[in-house]
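1. I'd like to go over a predicted model; first the sequence, then the structure.
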Amino acid sequence: MNKDRKVSLEFACKNLKPNLKSIIGILFVITIDPELCRKLKILYADISEVGTCGKDEAEILFTTHTIFRIDNIEALPEADRLYEIQITLVGDQDNDFSKLTASIREEAHSKASPGQDNRECEALTEHLNVYAKKMVPIAILTTK
């Protein structure tokens, strides 16, 4: 993930091959509140000085399981099949996230039967893999 929008856009556009129409580019614009991160002990690191691509990359690294809210999705004019997704780091204390996970748990438990979970999980995994192969994720970061 890179903090420089220009670098991120160049990388995204460079990786959109005209002959591969199934590939799309995603530019994630990530907003974080450093105070919220301190309060909830959400870790992220500026690895610009240790990144493998040089200081111009301005890299940020997030821990796994970091939770973001999707704020907006729009097509970008810079290239065909290039989209910007604006997300905000929220943490697991977020009210909307708590409601969503409770609803998913309730639905999963109410539909559970032997063997069904595996079939549904396999179908979902296959579906996600199809879409994951079509994305070239790129990110930039803003702070409050």
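-> Noted; the coordinates are in hand.
2. Make sure residue 19 is indeed in a helix.
-> No: under DSSP: H, G, I helix; E, B strand; the rest coil, residue 19 sits outside any helix and is assigned coil.
3. Distance of it relative to residue 91?
-> Between residue 19 and residue 91 the distance is 41 Å, computed by Cβ to Cβ, to the nearest Å. (Glycine included, C-beta is placed from N, CA and C.)
4. more crowded one of the two?
-> Neighbour count, other Cβ atoms under 10 Å: between residue 19 and residue 91, residue 91 has more, with 17 against 5.
5. Give me the phi and psi angles of the residue nearest to the more buried one when sequence neighbours are not counted.
-> Nearest non-adjacent residue to residue 91, counting by Cβ to Cβ, 6 or more residues apart in numbering: residue 40, 4.3 Å away. With angles defined as degrees, to the nearest 10, residue 40 sits at phi -90, psi 0.
6. okay, residue 40: pLDDT?
-> We have a pLDDT of 82 for residue 40.
7. likewise residue 73?
-> Per-residue confidence (pLDDT) for residue 73: 93.
8. Assign a three-state SS to it, would you?
-> Three-state call for residue 73 (three-state DSSP): strand.
9. For the residue lying closest to it once chain neighbours are set aside, give me its contacts.
-> Counting by Cβ to Cβ, 6+ apart, residue 73 lies nearest to residue 85, which is 5.0 Å off, once chain neighbours are set aside. Each residue near residue 85 by Cβ atoms under 8 Å, 6 or more residues apart in numbering is listed here: 26, 27, 28, 29, 70, 72, 73.
10. what about 6 Å?
-> Contact analysis of residue 85 by Cβ atoms under 6 Å, 6 or more residues apart in numbering lists 26, 28, 73.
11. Please name every helix or strand in contact with the host helix or strand of the second one.
-> The one in question is residue 28. Using DSSP states H and E, residue 28 sits within strand 24-32. If you count contacts as 3 or more Cβ pairs under 6 Å, 6 or more residues apart in numbering; DSSP states H and E, strand 24-32 packs onto helix 5-14, strand 82-89, strand 135-143.
12. What is the burial count for residue 60?
-> Here the count is done by other Cβ under 10 Å, and residue 60 has 19 residues near it.
13. Enumerate the beta-bridge partners assigned to it.
-> residue 46 (DSSP bridges).
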